[in-house]
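model the structure of this input:
(chains A and B)
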Amino acid sequence: MIVKELTDQLELQIAAGEKGLSREVLDGYCGDLLSDVMGRAPEGCIWLTVQGHQNILAIAVLREMAAIIIVGGHTPDEDTRQKADEEGIPILLWPKSAFELAGRLWAIIGKK
Amino acid sequence: MNYYKADMHIHTCLSPCAEWEMSPRGVVERSRKKQLDIIAICDHNSMENAEAAMRVGKDIGVNVLPGMEICSKEEVHILAIFENSNLARDMQEYVYAHLPGENQPEFFGSQVVANENDEVLAENQRLLIGATTLGVREIVEHTHLLGGLSIASHVDRPAFGMISQLGFIPPDLPLDGVEVSYRMSPKEARKKIPGIRDLPCVTSSDAHYPDDIGKAMTVFMMNAASFKEIRLALKGDGGRGILSAG
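Below is the predicted model:
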């Protein structure tokens, strides 16, 4: 499944990094402590976080993520959006809590 | 030039997690006993006890700098330390304008504002333990705008540090230094803290209890125990520098 399909299906808002919408989603990860995410997020994952600092992009690149979803109505900083456009990693927005979204994502991509 | 002992991160009873025994007078007297030459009062998101501590310091011979430990929206703690209380108060106004919430003393602890004679003046009603809506960059930039020093708190700790929250120190963040706790030596920090680059590394106590004051300190080689000299020592200007931290 590619990012675009998930975006449509879950009605996520695209905040930046549109050119990466065809990236393939292989897995998922939740976390707001970037020290944890940096060490543990699986390759090809879609990552749910409340953090909007530009370091999230560096970590997404490092872990070769498919996309980032900023949850809970939080928003990315301006320089984070720019980095996402440069790197072609989509940043998507979800207004409600991570819990519901993670459940729905699990139903779509979690079963292996 | 001479050695000066500095503890640049001490809380008072204004921080909800510190007790009354950390009154401005209590803190400075203890610092004197520990033979500290210069200290910074850095309560959570507030400097309202700094001036009382500065007055005590003047009396008993400890140079006290006003500061605060600001919590960013990413929940990173950053010290902002100033040359005088007017500048620190300007910073406090900026922080207060971006600090939502009200304290609930029964859960978080009381936030006591006291004068230099150990008399209680007020209880601060704001949620000082909370996070501001300011990003780390905004905090560092505003601190610099007011001529202050911006130092990332306890980068070696698993909570509320630049590393725990953001994974690494953003490469273009113009910090004046990083602080490590007594648990890690600056030498170790150079190896282990991602993104530390050539940032000066200081050690402070982050004291919340009297016994912790001076438990960790930084020894500066400089001309006087002053804000200006510390700024120069952090830059290694004119032979000044950090002699030892730990």
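
what does chain B put close to chain A?
With Cβ under 8 Å from any Cβ of the partner chain as the criterion, chain B meets chain A at residues B:74, B:135, B:136, B:137, B:158, B:163, B:164, B:165, B:166, B:167, B:168, B:170. In this view, the C-beta of every residue, glycine as well, is placed from N, C-alpha and C.

could you report the pLDDT at residue A:110?
Note on residue A:110: pLDDT of 81.

spit out the contact partners of it.
By Cβ atoms under 8 Å, 6 or more residues apart in numbering or on different chains, the residues touching residue A:110 are residue A:28.

measure it to residue A:30 for me?
Look at residue A:110 and residue A:30: by Cβ to Cβ, to the nearest Å, they are 12 Å apart.

ok, now which ones touch residue 44?
If you meant another chain, say so; for now it's chain A. Applying Cβ under 8 Å, 6+ apart, we find residue A:44 in contact with A:23, A:24, A:25, A:26, A:27, A:64, A:65, A:66.

chain B was what I was after
By Cβ under 8 Å, 6+ apart, the contact set of residue B:44 is B:11, B:14, B:15, B:16, B:17, B:68, B:69, B:71, B:128, B:129.

in the helix or strand hosting residue B:191, what's buried?
If you go by DSSP states H and E, residue B:191 is part of helix B:186-192. Across helix B:186-192, burial judged by 16 or more other Cβ atoms under 10 Å in any protein chain shown covers B:186, B:189.

so which elements touch the helix or strand just after it?
Downstream of helix B:186-192, the next assigned helix or strand under DSSP H and E is strand B:201-203. For strand B:201-203, the elements it packs on are strand B:177-180, helix B:186-192, strand B:241-245, judged by 3 or more Cβ pairs under 8 Å, 6 or more residues apart in numbering or on different chains; DSSP states H and E.

how about the secondary structure of the residue positioned nearest the centre of chain A?
Centroid-nearest residue in chain A, with Cα atoms, centre = their mean: residue A:68, separated by 1.4 Å. Following DSSP: H, G, I helix; E, B strand; the rest coil, residue A:68 is assigned to strand.

what residues are bridge-paired with it?
Under DSSP bridges, the beta-bridge partners of residue A:68 are residue A:47, residue A:91.

for it, list the residues it contacts.
Contacts for residue A:68 (Cβ under 8 Å, 6+ apart) come out as A:46, A:47, A:49, A:56, A:57, A:60, A:84, A:89, A:90, A:91, A:92.

circling back to that earlier point, among the contacts of residue B:44, the buried ones, what's the ChimeraX command?
The ChimeraX command for the buried members of those (criterion: 16+ other Cβ under 10 Å) is given here:
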select /B:11,14,15,16,68,69,71,128,129
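
among the contacts of residue B:44, which are in strands?
In strands, defined here by DSSP state E, the members of those are B:68, B:69, B:71.

low-scoring stretches of chain A, by residue?
A:111-112 (pLDDT under 70).

which one of the contacts of residue B:44 is nearest residue A:9?
For those, the residue nearest residue A:9 by Cβ to Cβ is residue B:71; the value is 37.1 Å.

mind listing what the closest one touches?
Residue B:71 makes contacts with B:44, B:45, B:77, B:130, B:131, B:132, B:160, as judged by Cβ under 8 Å, 6+ apart.

bridge partners for it, pull those for me.
In this entry, residue B:71 is beta-bridged to residue B:77, by DSSP bridges.

got the helices and strands packed on strand B:201-203 as CSV, with mean pLDDT and distance to residue B:109 columns?
Shown next, in CSV, are those (pLDDT from 0 to 100; distance: least, Cβ to Cβ, whole Å):
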stretch, mean pLDDT, distance to residue B:109
strand B:177-180, 97, 23
helix B:186-192, 92, 30
strand B:241-245, 87, 30
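
tally of neighbours for residue B:102?
Number of residues near residue B:102 (other Cβ atoms under 10 Å in any protein chain shown) recorded here: 8.

I'd guessed it sits against residue B:123; true?
No. With contact defined as Cβ atoms under 8 Å, residue B:102 and residue B:123 do not form a contacting pair (11.4 Å).

who's in contact with residue B:210?
Counting by Cβ under 8 Å, 6+ apart, residue B:210 touches B:21, B:22, B:26, B:27, B:30.

give me the pLDDT for it.
Taking residue B:210 on its own, its pLDDT is 97.

what distance do you get for it to residue B:230?
Using Cβ to Cβ, residue B:210 is found at 24 Å from residue B:230.

would you map the helices across the chain?
Since you didn't name a chain, this refers to chain A. Per DSSP state H, chain A carries helices over the ranges A:3-10, A:34-40, A:55-62, A:78-87, A:98-105.

try again with chain B
B:24-33, B:50-60, B:85-96, B:105-108, B:136-145, B:162-166, B:186-192, B:227-235.

ranking those helices by burial, who's on top?
helix B:162-166 (a mean of 25; mean count of other Cβ atoms under 10 Å in any protein chain shown).

returning to what we had before: the helix holding residue B:191 packs against which elements?
Counting contacts by 3+ Cβ pairs under 8 Å, 6+ apart, helix B:186-192 packs against strand B:177-180, strand B:201-203.

go again with 10 Å.
The contact analysis (3 or more Cβ pairs under 10 Å, 6 or more residues apart in numbering or on different chains; DSSP states H and E) places helix B:186-192 against strand B:177-180, strand B:201-203, strand B:241-245.
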